[in-house]
Every structure is written in structure tokens, then in C-alpha cells.
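**Q** Provided below are the primary sequence and the corresponding predicted coordinates.
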Amino acid sequence: MKTSSTLPSLFACHLAQWLAAALAAFMLWGPAQASPLSSDDEKGVRAVVEGQLAALARDDARAAFSFAAPNVRRTVGSAAQFMEMVRRNYPAIYRPASAAFLKPEDHHGQVLQRVQLMDDDGNAWLAFYSLQRQKDKTWRITGCQVVPNKGRMA
């Protein structure tokens, strides 16, 4: 039987596998297959990611957790477990020194928002957020994968 303390790490593992497959598909189809988002949708997607980053920076677990999609919230279990998962597995998004947002792209209802991050040590990271519009028309984060960014910051 899995204990609740293993859920965040299991979630992160499964999420990383799913995001790797999604990112591979994204790279295969490329931007030519992307649907344009409206200006309002672009702003909404960015606001959700910015809101979660701001909540993480001020240690507001409830607010940070509220930006996660329902399936993520069910999997993780609680705001406290979510915050612990982020601290342990996603230190680059916990309190980045800076964040630069790239243009979000829609692929068949799943939106990819890339964010260039810099940590306090000067290391560059690229966060791939996947978001999905909910029935109430809000955007929620369905996953995040963070990789070292060896390229130049914008």
C-alpha cells in the first residue's frame, strides 16, 4: 500500500513521464500545428502561472495549490503536500530570482507555457507548464517540467 508521503514523489515521476511524452509530441508537430490563442487566453494562461509563482514565493500553499487542475489536486492530496512536492522536486520554481514568459501555444486544447527562470545562484532553467481550460472557463495547471536551460536568457 502506498502511503500519503510517497504520493508527491510518485506524482512527480508520473508527471515527468507524461510531460516528456507531451514535449516530444510538441517538438514533433512543431509550431506549425499550434493553434493561435486569443490575447485574452494568453493573458489568462500567464496570469495563472504568475499567480502560482507568486503564491509559492510567499509560501502560500493554499493559493499555489488553487492554480492546479482538479486531477492534480486529487493526486497530490493537499496544499501542504503540494508545497512540499514543489520544494523538494521543483526548487527552480519555488522562488526564482527572475522569470521571463515566452508566448504560450495551444495544441488541441492543451496549452504549453514556457517560462525561462533564473535561480539565486545564477543557474538558468526552462519550465514547461501545461494548462487546460476548465468547464468554468478558467485555466488550471495540469503539469510542470523543469529542465536546465543551457541557452541564452531572453
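**A** Arrived safely, thanks for sending.
**Q** what separates the closest residue to P91 other than its chain neighbours from R140, distance-wise?
**A** Spatially, and ignoring its direct neighbours in sequence, P91 is nearest to D119 (7.4 Å; Cβ to Cβ, 6 or more residues apart in numbering). Bear in mind the C-beta positions are built from the backbone N, C-alpha and C, glycine included. Remark: distance between D119 and R140 (Cβ to Cβ, to the nearest Å) = 25 Å.
**Q** R87 now?
**A** Distance from R87 to R140, by Cβ to Cβ: 21 Å.
**Q** do F82 as well
**A** 13 Å.
**Q** Neighbour count: the two, which is higher?
**A** F82 (24 against 19; other Cβ atoms under 10 Å).
**Q** Now do the helix or strand in which the more buried one is found: distance to the chain's middle.
**A** Here F82, judged by DSSP states H and E, is contained in helix 79-89. Here the centre of helix 79-89 is set off from its chain's centre by 13 Å, with Cα atoms, centre = their mean, to the nearest Å.
**Q** which strands and helices sit next to it?
**A** Where contact means 3 or more Cβ pairs under 8 Å, 6 or more residues apart in numbering; DSSP states H and E, helix 79-89 is packed against helix 7-29, helix 61-66, helix 70-76, helix 91-94.
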